[in-house]
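Enquirer: Turn this into a model:
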Amino acid sequence: MSEHDVQREVSELQAKSATAARIFDLRRIIGGLFVLYGIIVTIAGINPSDSSLDKSEGININLWTGLGMLILGIFFLLWLKLKPVARVEAETPEE
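Expert: Numbers count the residues shown, from 1 in each chain. Next up, the predicted model:
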């Protein structure tokens, strides 16, 4: 293999690695799950039953928990947007 081929392979691997790092960033996964579950729990808390309010002593726990989950999920997604994964520069192999 020539030096040019090695450099091209290294750059291709770096690009694939950077793409995988962006896709599997835990902030994206955690934020997305919290937003999804927050929406579900908030919808369940919008119209609570009398028995669920009695169990929680008059506090609409589903609504407040769902809103908290939504806020946390949005925080994670904003964090991802404002501070993305830094690109790692690898050194090229020396001969």
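Enquirer: Please name the nearest non-neighbouring residue to L67.
Expert: Ranked by CB to CB, 6 or more residues apart in numbering and with sequence neighbours excluded, the top spatial neighbour of L67 is T42, at 6.0 Å. Any C-beta I mention is one placed from the backbone N, CA and C, and that applies to glycine too.
Enquirer: name the helices or strands packed onto the helix or strand containing that neighbour?
Expert: Per DSSP states H and E, T42 falls inside helix 26-46. Applying 3 or more CB pairs under 8 Å, 6 or more residues apart in numbering; DSSP states H and E, we find helix 26-46 packed against helix 61-82.
Enquirer: Give me the contacts around the helix it packs on.
Expert: Residues from elsewhere that reach helix 61-82 (CB atoms under 8 Å, 6 or more residues apart in numbering): 25, 27-28, 30-46, 48, 52.
Enquirer: and the angle from it to helix 26-46?
Expert: Computed by axes from the mean of the first three to the mean of the last three CA atoms, to 10 degrees, the angle separating helix 61-82 from helix 26-46 equals 150 degrees.
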